[in-house]
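K.L.:
The following block contains a protein sequence and its predicted model.
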Amino acid sequence: MSKKLTKRSEDYSKWYNELVVRADLAENSGVRGMMVIKPYGYAIWEKMQAELDRMFKETGHENAYFPLLIPKSYFSKEASHVDGFAKECAVVTHYRLKNSEDGKEIILDENAKLEEELIIRPTSETIIWDSYRKWIQSYRDLPLLINQWANVLRWEMRTRLFLRTAEFLWQEGHTAHATKMEAVEEAKKMQGVYAEFAENFMAMPVIKGEKSENERFAGALDTYTIEALMQDGRALQAGTSHFLGQNFAKAFDVKYTTKEGKQEYVWATSWGVSTRLMGALVMTHSDDKGLVLPPKLAPIQLVIVPIYKSEDQLDQISEKVEEMMKRIKGLGISVKYDNRTGYKPGWKFAEYELKGVPLRIAIGPRDLENNTVELARRDTLEKDIISIENIEVKINSLLEEIQINIFEKALDYRNGLITEVSDFNEFTEVLENKGGFISAHWDGTPETEDKIKKLTKATIRCIPNDAIDEEGKCVLTGNKSIKRVLFAKAY
RNA sequence: CGGGGUGUAGCGUAGCCCGGUUAGCGCGCCACGCUGGGGGCGUGGAGGUCGGAGGUUCAAAUCCUCUCACCCCGACCA
């Protein structure tokens, strides 16, 4: 294995794959399109989960768990939903295996064929709404605010670690409301929660917006999205929140009695983010030396590497380190002391840079004499000799600074790659040579969007929430347009 | 699913076209020693169903068929 990663400028895709594997986040498994998430990667996911879970609960949601398998008949109840997912469903048809006649292999037992085939959930709307029918009787049962942490399965053609795997982990919120307005508000609120999480914790700037009809979730009336921009100029949909109208309520006959005693269908939302966020995290901040993790999500925030010649020296250093660690841990900072023998300091430095640990302390005999350490930050790669006195305070504020700095950096980069264009030549020129988001007028029709997609591979990522009303002409057709939308090539 | 490519030790690879000793090398791993402020060095050692199945042959990593997986480019998608 070569020591250095492929450079982003050489082959962005290769860089990403190498990095995910080398940094010990995940690896491919023996099962097509499915990955193993390794402990270091999973630790990051757990941090994401913990924070999101906290935010969901703060906004009034409760967790529950629904079955992995969905009867085929449930699945077919909502027509556009079927259209969206049917092509990528795995199906359970039998419940028993047996030895083959020659005893050499295990085969399906045809006597154990299921009466009704079961779909492995690609998303859980249908099975959840089947329960909601029983749970919801009265306006007093609303709103129903439920979230589920689960795995789902979508038989994708081409997969990539974290960005698109056949099985992935996610959360899916499913809410039911008495009024349309309340459901729309809920969907928008959760878009806001996602945006806040992305920006404050992942340090990943996102654009909040609405999906065009073409890009909407199967079965949704409106899809609210957060869109991020990766370092190769391609956009990544990082989270979506859907206003589902009464589609699922009607499909599953979920009605409630109003105060006035009338029967009404409920209004629904669903919203989700997945392990894809891990891919987004990697591609937003990392560099040619490896991961760059935001301190708020880094499993290890500070690593301490001793530099020594003799056992004696190591003992002295360790003593100093123990004392220092106590103070640092006291501030809730996660710190690892890597006193493994057999790895040289230089090796360890490179290793922790690869893994994106935000701060690194090196401490050797020279430091013992001066009561100092060498403190290096991952984001800028800057190193400083600092005093051990009150080091925990310095570290704490530096972690905060790094969190802000990588966000600002990503934001500058992203803002530099939003380009307003006024005609189609300019559109294709910017798309090919610069990349990023293209802000352009669009006549609002799916046909035009399709044509642009066919011609350029760019899609409408979103109609930004903050788009200003502005008369203009559609970049392709010249028809009237009232606001700009964001196009990009997307993951 | 269409086009192209690749599977040889944990990882990266040579050998394959043109079949023929014990399948070679680098990294990693284990032991010992020298080392230690940016992936250090030496000595010794372990590790292989050559992706899998079948076939051709006196003989297969090498030729043929099927199959599986992965990578790149398209269509599909969180």
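P.N.:
Noted; the coordinates are in hand.

K.L.:
Please list all residues in contact with A:V393.
P.N.:
A:L331 (C-beta atoms under 8 Å, 6 or more residues apart in numbering). The way it works is simple: take the backbone N, C-alpha and C, and place the C-beta from them, glycine included.

K.L.:
Of all the residues in the helix or strand containing it, which ones are buried?
P.N.:
Under the criterion of DSSP states H and E, A:V393 resides in helix A:391-416. Neighbour-count burial for helix A:391-416 flags A:391-392, A:394-396, A:398-399, A:402-403, A:405-407, A:409-410, A:413-414 (criterion: 16 or more other C-beta atoms under 10 Å).

K.L.:
With stretch A:234-254 instead?
P.N.:
By 16+ other C-beta under 10 Å, the buried positions in stretch A:234-254 come out as A:234-249, A:251-252, A:254.

K.L.:
Near RNA strand B, list only the ones from these.
P.N.:
Filtering these for proximity to RNA strand B by C-beta under 7 Å from any atom of the strand leaves A:Q237, A:T240.

K.L.:
what's the closest of the buried residues of helix A:391-416 to RNA strand B?
P.N.:
A:I391 (13.4 Å; C-beta to the nearest atom of the strand).

K.L.:
The closest one and A:K355: what is the separation?
P.N.:
Counting by C-beta to C-beta, to the nearest Å, the gap between A:I391 and A:K355 amounts to 22 Å.

K.L.:
A:L161 and A:G279 touch, don't they?
P.N.:
Yes. Assessed by C-beta atoms under 8 Å, A:L161 is found in contact with A:G279 at 7.1 Å.

K.L.:
secondary structure class for the residue nearest the centre of chain A?
P.N.:
Centroid-nearest residue in chain A, with C-alpha atoms, centre = their mean: A:L277, separated by 1.6 Å. Using DSSP: H, G, I helix; E, B strand; the rest coil, the structure places A:L277 in helix.

K.L.:
show me the contacts for it.
P.N.:
A:M48, A:A198, A:M202, A:A238, A:G239.

K.L.:
Mind pulling up the pLDDT for it?
P.N.:
Here, the pLDDT recorded for A:L277 equals 95.

K.L.:
Kindly report the same for A:R216.
P.N.:
Taking A:R216 on its own, its pLDDT is 87.

K.L.:
The closest residue in space to it that isn't next to it in sequence: neighbour count?
P.N.:
Nearest residue to A:R216, sequence neighbours excluded (C-beta to C-beta, 6 or more residues apart in numbering): A:T223, at 4.5 Å. Neighbour count for A:T223, taken as other C-beta atoms under 10 Å: 25.

K.L.:
likewise the one 3 residues further on?
P.N.:
Other residues within reach of A:I226 by the criterion other C-beta under 10 Å amount to 28.

K.L.:
next one: A:I386
P.N.:
So A:I386, with other C-beta under 10 Å, has 17 neighbours.

K.L.:
where does the stretch 301-450 of chain A have low pLDDT?
P.N.:
Applying pLDDT under 70 to the stretch 301-450 of chain A flags no residue at all.

K.L.:
Name the residues of it found near RNA strand B, please.
P.N.:
Residues of the stretch 301-450 of chain A lying near RNA strand B (C-beta under 7 Å from any atom of the strand): A:307-310, A:341-347, A:349-351, A:353-354, A:362-367, A:373-374, A:376, A:381, A:383.

K.L.:
on that earlier part again, could you list which of the buried residues of stretch A:234-254 belong to strands?
P.N.:
Among the buried residues of stretch A:234-254, DSSP state E puts A:A235, A:L236, A:Q237, A:A238, A:G239, A:T240, A:S241, A:H242, A:F243, A:L244, A:G245 in strands.
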